[in-house]
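Q: Mind looking at a prediction? Sequence and model below.
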Amino acid sequence: MNHFQTFYNMKTGVVDLSARTAEVTPLDRERLPTCFGGAVVNRTLLKEYGDALVFGTGALTGSFAPASSLLVATFKSPLFDHVCHVPFMLRTGPDMKFSGLDFLVIKGAAPELSVLYVNQGIVNVIPSEHLRHLSVSDAVTALKRESLPVRSAILTGTAADRKIPHAAASVGVTGSLDKAGLASRMAAKNLKGIVFAGMGGLPFRKDHPDIGKALIQRISSGKHGKTGGFVSVLKGLDGGKEASKPLRGLTIKNMACYHCPSPCMSYVKFARHEPSLLLLDHEGWIALSRKVGEHVFPVYRSCLQGGLDPAGVAQRMPEGGGITEWLLDPEKMLPEAGKDRISMAPPEASDVAVKHHALFGGGIPPILPGDLWEKRVGLAMILGVCPLFLLRFPEITDMDLLRFISQDEVALSTLEENLTSLINAVAANG
Amino acid sequence: MQEPVNEQDFSLKLDDLRPRAPEKKTLSGYFMPPRHSFILFDPEKCTGCGACEMICSTRNTEKVAPASASVKVVTDETQGKTFAILCQHCRKPLCLEACPTRAIEKGKDGIVRIDRLFCTDCGLCTMACPAAAPLKDPKTQAIHKCDLCEGDPLCVKHCPENALTFTRGKAFRWIKGLRWSVQLISFLLLVMVFVGTFCYFKAGEVTLACPTGTLQNIASSGAILLIGGITSALALLILTILAGRLFCGWVCPFGFVLDLVDKITPKKLGWPAFLKSRMTKYGVLAGAVGGSYALGFQAFCTICPIGTLCRSYGVQSFFKSAELAIVPALASLEIAQRRSWCRYFCPVGALLGLTATLRLIKIVIGAKKCKKFSCIQCAEVCPVGIIEADQLREGISPKIPMTECIMCMRCIDRCPYDAAKIRFRWQQAAPGEEKT
C-alpha cells in the first residue's frame, strides 16, 4: 500500500520557459516510499532536468501536521556554487499543493519577462514585461489588479532585475529566507515570479485532525509553548538580544505560517503613519541591526521593497553607508570575481557547519547544536514541515510526524529507517 | 360563439414552495430573546495560521481546501492585522431578507443556514451581509456559510491560539429589563400618580424642582426667590455629576414615550442635514431662559414635553388641557430619528449635558476587545448615535461624548465581547488595553 498518495496530487509540472510550454507529468508513485518528497525528490528532478529550478513540497505539506507550510526550492546557487535547498514558508507550500501540483520544474530561459500561474494542476506562462523594474509590493499590486485568484506568490524585486547578486525571492511582500541567490537564478531565466491560485484541496485521513491537535496541545503545554513571536526567537540567537532593542515598546502582532501553533514572525509598526512590517528573517535582522543600529527599520523595509537579502546587504555595506546610494549603484553590490562567494556564514557562537548552513539557503537560524540542527532541518526539508518549527520544538520526533503517513508499526519502522538514511543523504550532498 | 375559457393559473409561487414563517413577538421574548449563538473572534490572539480554514473546509468539501472554507482569515498587511470573515448569525439577518428564493432561514436555535435545495448561488446574500460572510467556493461557485457545525464549531476546537470562542449569547439582558422597569415605574409615578411633581414639588421641608424650570424662574422673576427650588434642582444636577445623564435614559417620562414610539416605528425617515446639530439644544436652553427673562414668565415650561406630560396626562387632568397636543407632536419626531428631541432640542438634556462635563464616570468601548470588523452592535443600538462605527472598524476605541450620552447602557448590555464598560473618568485605559 502506498501511504503517500493521500498527501500528493501526484502531479509534477515541467515548464520550458524558452519554448513557453508547460506540461504536467504524473509523479512516480513507486518512488515516493523511498524518497518521501521535498528536498529528496527535488534533488532527483534537478539531476534529471539539469540546469533547472525545482520547487517541491513534502509529504506532510498542507496536511494537519503542525507547521506543514514548507515549499523547498532546489537549484544551483550562484553565490555558493553548489546545490541549495531554500525553504519558503507562510502558505506557499500548501498553496502549491492546493493549486494542483506537488513539484514544479522550470527549465530554460524565457524570451521575455514572465510569470508562472499555477491553478488547478495547470501551469500558464504569462508574459509580464510590464512587471519589470517594479518593486515587490508594486508587483503584488499589479498581479492583484489582473483579477486572477492569488493566494501565494513568490516574486523577485528590482534588485533581481538589476542583477544584484544579493537579490532575494520574496513571498508576497514579506521577504523570505532566501540567501542563496534564488532571485538571481529566476532573473537569469527571465522569471519574475510564480503565483499559486490555491483553490483546490487535498484528501486527508480521518484521524489526521486529531493527531495534529494532540501534537499542538503537547507543544502548547510544553516549556516553550507559551512563547512566540519574532522577538522570542531573536533573543535565543547570537546577538539577538542587542538586535531586539529597536523593537522595544513597539506595537507587535505575532504571525504564524500555515497551521503553526507557535508564531515566529511578527508584524511591527515602528512609526504611526508607516505601514506595518512583517519580520521573519531573524538572521537578516541581526546582521542589519549590527550594521546600521537604530536605522534598521527603514533599511530592512528597503530590502523588502527591492527584493534584497538583508544579511547580504549588511555584509557588503560599508560602516555607516547608506543603502540608497548602494541601490543606486548596483555595481558596488557585485562580489569580486573568484572570491567571497558565501554571502552569509552562521554566527560564530554556533557550531553549525558553514557548508550545511549554506546548503539549506543560509537563512535558517542555528537554534540547535550542529549535528542536531542538520538532522532536524533535513527532516523538515524532506517531510515539508517548517524547519524553524522543528528546531524550536525538538520534542516533536520523527515518529510523531511519520504517524501522519502510517499508523502501522511495521510500516512505521521501515519509514523511519528510510527517512534517517535520506536525512543523512540530504545533509551529505544536498 | 366560443365561450371564454376559464384560465386557471397553474404557476407555482414562492409562497407555495417555501412559505416564510411569521415572526412571533411575545413580551417574554422581548426581555429574554432567543439565545444568539455565534463565534467570537479575537484579532489580538489570531496569528493567521489558517487552522480554522483548514478544519472548516473538511466539513464543506471532505478535503483540506482552505479556499472552500466558510471562515476566511484576512490579513491587512499595511496595518499588520488579521480579521476573520465568518457569519455572526445576526438577530435580523440581512442575507435572509435579500435571498430571492428564501433559501436562507434562521432556525429556532438561532443558526442561520442555507438550504442547498433552494439556493441558486446568486450571491445576493454576500452582497447584503455587512461582513460578506456567505462565501463563494472558488472551484464550484457554490455559496456556503458557517452553520456553527450545528452547535459544536470545529474551528473553535482547533484554533491553537484560542482566538475563536463559541458563545450562546446572553441569556437575559438584565440592564434592558431593569431599565424598562425603572422607566415604566417613573412614568407611572411622575405622570399618573404624582401629577406635575416633576416641575415643582413641595412637601414640608422637602422641595424638588426641574432645573431648567428653576433657571427660567430665576430669569423671569429677576431674583433668586426660591432657595428651596434651587437646592432641590441641584439634586438632579448632583445625580448627573455622579452618574451622567442617567435621568434622560432611565427616568425621563418623555424619554420613555419616545422609546415606545421607537418600538412601533422601527424604520426611520431621516433628518435633514442642516437640522442635525447637537448644539441646537443649547440654543433652545438659552432661548428658554432669555424668553422667560423677556416675557416675565417661564415661557418654555408651557410647551415643555416633559412638563406637559407630567401635568396634563394624569388622572385628574386627563383630556382637560390644550397642552395634550404637545407630547404627540414632539414624539412624532421619533419617526425621523431615534431620540430626535433628546439629541437636538431638549433644553433639560442640554443643562444636564453641561453638568455632565463634571461627571465622575464615563462609558468606554475598548476596540482591542471588540470584534471591530462587522459587529458594531453598540453603534447600532445607541439611541443618540454617538458611537462611531467607523472608528471601531479601524480598531480605534471611540471617544464617547458623555455630554450627549444618556447612560441608557444599551451598548454595555448588547456588547458580546464585554468591550463596553463604565469607568471612572480618570481611568485612561479602555477594556482590553489595561496593563497586566
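A: Done, it's in.

Q: List the backbone torsions phi and psi for residue A:168.
A: phi -130, psi 140 (degrees, to the nearest 10).

Q: Also residue B:197?
A: The phi/psi pair for residue B:197 (degrees, to the nearest 10) is phi -70, psi -20.

Q: Correct me if wrong: it contacts residue B:310.
A: Yes: the pair residue B:197 / residue B:310 is scored as a contact, 7.0 Å apart, by Cβ atoms under 8 Å. From N, CA and C alone the C-beta is placed, and that goes for glycine too.

Q: Look at those two and report which has more neighbours.
A: Neighbour totals were compared for residue B:197 and residue B:310, and residue B:310 leads with 24 against 19 (other Cβ atoms under 10 Å in any protein chain shown).

Q: Give me the distance between the more buried one and residue B:255.
A: 12 Å (Cβ to Cβ, to the nearest Å).

Q: cool, residue B:378 as well?
A: 19 Å.

Q: Equivalent analysis for residue B:124, please.
A: For residue B:124 relative to residue B:255 (Cβ to Cβ), the value is 39 Å.

Q: More neighbours: these two, which one.
A: When neighbours are counted by other Cβ under 10 Å, residue B:124 and residue B:255 differ, and residue B:255 comes out ahead with 27 against 18.

Q: So the more buried one, which state does it fall into?
A: Classification of residue B:255 by DSSP: H, G, I helix; E, B strand; the rest coil places it in helix.

Q: isn't it right next to residue B:384, touching?
A: No: contact between residue B:255 and residue B:384 fails when scored by Cβ under 8 Å: they sit 10.5 Å apart.

Q: hey, what's in contact with both of those two?
A: Residues touching both residue B:255 and residue B:384 (Cβ atoms under 8 Å, 6 or more residues apart in numbering or on different chains): B:339, B:342, B:406.

Q: Would you list the phi and psi of the residue nearest the centre of chain B?
A: Closest to where the C-alpha atoms of chain B average out (Cα atoms, centre = their mean) is residue B:381, at 0.9 Å. Per-residue torsions, residue B:381: phi -90, psi -10 (degrees, to the nearest 10).

Q: Regarding the closest residue to residue A:218 other than its chain neighbours, what are the backbone dihedral angles?
A: Sequence neighbours aside, residue A:395 is the residue nearest to residue A:218 in space, at 7.1 Å (criterion: Cβ to Cβ, 6 or more residues apart in numbering or on different chains). When read as degrees, to the nearest 10, the backbone of residue A:395 gives phi -70, psi -20.

Q: Could you tell me how many residues sit around residue A:395?
A: 12.

Q: what do residue B:197 and residue B:310 both touch?
A: Both residue B:197 and residue B:310 are in contact with residue B:190, where contact means Cβ under 8 Å, 6+ apart.

Q: Could you pull out the strands in chain B for me?
A: B:38-41, B:72-76, B:81-85, B:104-106, B:112-114, B:135-136, B:143-144, B:164-167, B:200-203, B:206-209, B:361-365, B:420-424 (DSSP state E).

Q: Tell me which of the ones you listed sits nearest to chain A.
A: Taking Cβ to the nearest Cβ, strand B:81-85 is the member of the strands of chain B nearest to chain A, at 6.8 Å.

Q: Any regions of the stretch 301-430 of chain A where pLDDT drops low?
A: By pLDDT under 70, the low-scoring segments of the stretch 301-430 of chain A are A:319-352, A:429-430.

Q: in the stretch 201-350 of chain B, which spans are helices?
A: Taking DSSP state H, counting those that start in this stretch as the test, the helices found in the stretch 201-350 of chain B are B:211-221, B:227-243, B:246, B:253-264, B:280-295, B:305-312, B:326-331, B:340, B:347-355.

Q: who in the stretch 51-200 of chain A is up against chain B?
A: Applying Cβ under 8 Å from any Cβ of the partner chain, one finds that the stretch 51-200 of chain A approaches chain B through A:62-64, A:91, A:94, A:98, A:120, A:149, A:151, A:172-174, A:197-200.

Q: check contacts around residue B:163.
A: Neighbours of residue B:163 in contact, by Cβ under 8 Å, 6+ apart: B:41, B:42, B:43, B:44, B:45, B:46, B:47, B:84.

Q: Just the pLDDT at it, thanks.
A: At residue B:163, the pLDDT value in this model is 88.

Q: repeat for residue B:432
A: Residue B:432 carries a pLDDT score of 62 in this model.

Q: Would you confirm that the residue nearest to the centre of chain B contacts residue B:412?
A: No: counting by Cβ under 8 Å, residue B:412 is not a contact partner of residue B:381; they are 10.0 Å apart.
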